[in-house]
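Participant: predicted model, plus sequence, below.
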Amino acid sequence: MRAWRILLRVLAAAAASLLFAGTALASWNANGSGHGYSGARTLGSPAAPTVSASGRQVTVNWSAPSTGAPSTGYVVKRYDDSNNQATIGSGCSGTVTGTSCTETSVPTGTWTYTVTAARGNWRGTESPKSGSVTIAAPELSLSPTTVNSFPTSLSGQIASFTAGQTITYRLDDPSTGTVLTGSTTPSTVPANGQATASVTIPAGTSNGSHTVYAVGSGGETASRSISVNAPKVTASVIAKSNGGRPGKIRQGGTYYVFANVSGSGSPPTGLASLTADASAITTGQTAAPLSNGSFTVGGQSYNYRSAVLTANATLSEGSKAYTVRLTDSGGTVTNSNYSVTVDNSRPTGTDVQTTNVSGGTAGRAEPGDTMTLTFSEQMEEISVLAGWSGAATNVVVRLNNATNDTVTIYNATNTTLLPLGTVNLGRSDYTASNRTFGATGTPSTMVMNGNQVTLTLGTASGSVTTAAAASAMTWAPATGATDVAGNTAQTTTATESGASDLNF
């Protein structure tokens, strides 16, 4: 009987050892009469764990099961929001011996966790899922987001970066963009994934939209959009102080320097000062200040202009360089180079011609006939008629009866003689008395194209006559008209080119 009892105990121990490889524990006992029985015990299931995130770390906590056989460890699993199991990361992988663990470098996403009791190779029932926890993508915040001067330091914070990384900053591309001066405090990303950030936008950065990237040494990136709207000189011109076409001046003449500065606000935000170095035109004017305002020159708008400056009394002809210097509120200086042409030559009259309207009578001044005055260069329209752009405008043409009949031009009200001089028709039989064209009825018109002024005759005030023979016209310009540089016209007489003909 004693041997039989010993055998039963050995068998019970062996069975217990084998059962630890399954999902239940077993206890074996033998009674005093030699009969045996068995009873199984399972590993318990923990309640749903709790989770909390700090940066890219998730801490999972749970309690040991209150029932079932004792476990020697736990297996932690992570699931995405589609219930797909993901590979658990460092800190919670393998068998965890305690009742909490912290998974590091958790990927971006929304996750839930479960815990399963373990003992050797035995596994209990998986716990219910934890509440969800969201790991945000790496973030970068910066302020201000609009740059109005250079250099500008932006400050902010990085968040949700993996701990242990160092951060560099780039402009517009995380791999190849310009490396920006910046710092992160602390210099190595701490466990919570957060740090303060500072980055400097350098001078020379173009206006418009840009992206600042925070690049982790482990490959993570975050970005923030910024807008650069620093003041910038976009255009400049020099023009005579009495107005008209820009780009030319004469020695001894007065002029303005105009500039257009882009940027937000008026005056543009971030602009500290604007000056012009016009010393090649006016000795000593190395920093003529330009003031904010609204100006239009040659059809172009400008928002800055200098005071009236005077060109040197002796100044050689040709191109002269000048510089507009912009200093922003950050102390950065930008020089923009331009030029103006000096022209000291007075314009002359070079030709005068007439044409006969289709179907008209040759040698007779009639509505629709034209007369063209040709100068040696482009003339300043406003020197002929205030406010004139060169487009067709109404005038009155007078045909004056004289020893040799003449033509003169008046404004639309026939009250002011325009400085276009006098055309001598070379004969006295174009009219028997003074006549006007365009004072009543259809007006006469005047157009400037380049260096030519063309007059088209309107309605005649009375009857005119027809010249009996050909003649050569002559034209003496008036000094009131000027070229674009402001030089007054010479009064030297110009003779109609080509063979003599019937004028008109």
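Facilitator: It's in. Numbers count the residues shown, from 1 in each chain.

Participant: quick one: the residue nearest the centre of the chain from residue 264, how far?
Facilitator: Compute the mean C-alpha point of the chain, and by C-alpha atoms, centre = their mean the closest residue is residue 208, 3.2 Å away. Distance of residue 208 to residue 264, computed by C-beta to C-beta, to the nearest Å: 13 Å. Every C-beta, even on glycine, is put in place using the N, C-alpha and C of the backbone.

Participant: what do you get for residue 490?
Facilitator: The span separating residue 490 from residue 264 equals 50 Å under the rule C-beta to C-beta.

Participant: more neighbours: the two, which one.
Facilitator: residue 490 (17 against 13; other C-beta atoms under 10 Å).

Participant: rewinding a little: was I right about the residue nearest to the centre of the chain contacting residue 228?
Facilitator: Yes. Residue 208 is in contact with residue 228 according to C-beta atoms under 8 Å; the separation is 6.2 Å.

Participant: quick one: the helices in the stretch 251-400 of the chain, in order.
Facilitator: Residue ranges of the helices in the stretch 251-400 of the chain, as given by DSSP state H, counting those that start in this stretch, are 381-384.

Participant: what segments of it are strands?
Facilitator: In the stretch 251-400 of the chain, the strands defined using DSSP state E, counting those that start in this stretch lie at 254-262, 271-277, 288-297, 300-306, 309-310, 318-328, 333-342, 349-355, 370-375, 393-400.

Participant: in TSV, list these along with distance to residue 432.
Facilitator: Output for the strands of the stretch 251-400 of the chain, formatted as TSV (distance: least, C-beta to C-beta, whole Å):
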stretch	distance to residue 432
strand 254-262	48
strand 271-277	60
strand 288-297	48
strand 300-306	51
strand 309-310	52
strand 318-328	53
strand 333-342	49
strand 349-355	19
strand 370-375	20
strand 393-400	11
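
Participant: could you pull up the residues touching residue 97?
Facilitator: Each residue near residue 97 by C-beta atoms under 8 Å, 6 or more residues apart in numbering is listed here: 72-74.

Participant: selecting buried members of the residues you listed in PyMOL, what would you type?
Facilitator: The command below creates a PyMOL selection of those among the contacts of residue 97 that count as buried (16 or more other C-beta atoms under 10 Å):
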select buried, resi 74
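
Participant: residue 431: which of the contacts of residue 97 is nearest?
Facilitator: Relative to residue 431, the closest of the contacts of residue 97 is residue 74; by C-beta to C-beta it sits at 120.2 Å.

Participant: right, and the closest one touches residue 115 too?
Facilitator: Yes. Residue 74 is in contact with residue 115 according to C-beta under 8 Å; the separation is 5.1 Å.

Participant: for residue 58, what are its contacts?
Facilitator: Contacts here follow C-beta under 8 Å, 6+ apart; on that basis residue 58 touches 51-52, 102-103, 106, 111, 113, 133, 135.

Participant: please redo it, this time with the cut-off set to 6 Å
Facilitator: Under the criterion of C-beta atoms under 6 Å, 6 or more residues apart in numbering, the neighbours of residue 58 are 51, 103, 106, 133.

Participant: residue 186: how many residues sit nearby?
Facilitator: For residue 186, the count of nearby residues is 10 (other C-beta under 10 Å).

Participant: please name the nearest non-neighbouring residue to it.
Facilitator: residue 195 (5.8 Å; C-beta to C-beta, 6 or more residues apart in numbering).

Participant: what's the answer for residue 436, then?
Facilitator: In this structure, residue 436 finds its nearest non-sequential neighbour in residue 461, 4.4 Å apart by C-beta to C-beta, 6+ apart.

Participant: what ranges do the strands span in the stretch 1-150 of the chain?
Facilitator: In the stretch 1-150 of the chain, the strands defined using DSSP E, counting those that start in this stretch lie at 24-30, 36-42, 50-54, 57-61, 73-80, 85-86, 95-96, 100-103, 109-119, 122-123, 133-135, 139-143, 146-147.

Participant: would you turn these into TSV with mean pLDDT?
Facilitator: What follows is these, written out as TSV (pLDDT from 0 to 100):
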stretch	mean pLDDT
strand 24-30	35
strand 36-42	52
strand 50-54	96
strand 57-61	97
strand 73-80	98
strand 85-86	98
strand 95-96	98
strand 100-103	98
strand 109-119	97
strand 122-123	96
strand 133-135	97
strand 139-143	98
strand 146-147	96
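
Participant: next one: stretch 281-297 to chain centre, how far?
Facilitator: 26 Å (C-alpha atoms, centre = their mean, to the nearest Å).

Participant: mind listing residues that contact that stretch?
Facilitator: The set of residues that contact stretch 281-297 without belonging to it, under C-beta under 6 Å, 6+ apart, is 237, 239, 246, 258-259, 267, 274-279, 302, 304-306, 309, 311-312, 320.

Participant: follow-up on the earlier one: now the strands of the stretch 251-400 of the chain as a markdown table including distance to residue 164, mean neighbour count and mean pLDDT?
Facilitator: Putting these into a markdown table (distance: least, C-beta to C-beta, whole Å; neighbours: other C-beta atoms under 10 Å; pLDDT from 0 to 100) gives the following:
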| stretch | distance to residue 164 | mean neighbour count | mean pLDDT |
| --- | --- | --- | --- |
| strand 254-262 | 44 | 22 | 98 |
| strand 271-277 | 43 | 20 | 98 |
| strand 288-297 | 52 | 15 | 98 |
| strand 300-306 | 52 | 19 | 98 |
| strand 309-310 | 63 | 17 | 98 |
| strand 318-328 | 39 | 18 | 98 |
| strand 333-342 | 42 | 16 | 98 |
| strand 349-355 | 84 | 20 | 98 |
| strand 370-375 | 80 | 21 | 98 |
| strand 393-400 | 78 | 22 | 98 |
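
Participant: the residue nearest to residue 436 touches residue 437, doesn't it?
Facilitator: No. At 7.5 Å, residue 461 and residue 437 do not qualify as touching, with contact defined as C-beta atoms under 6 Å.

Participant: these two: which has the busier surroundings?
Facilitator: Of the pair residue 461 and residue 437, residue 437 is the one with more neighbours under other C-beta under 10 Å, namely 28 against 19.
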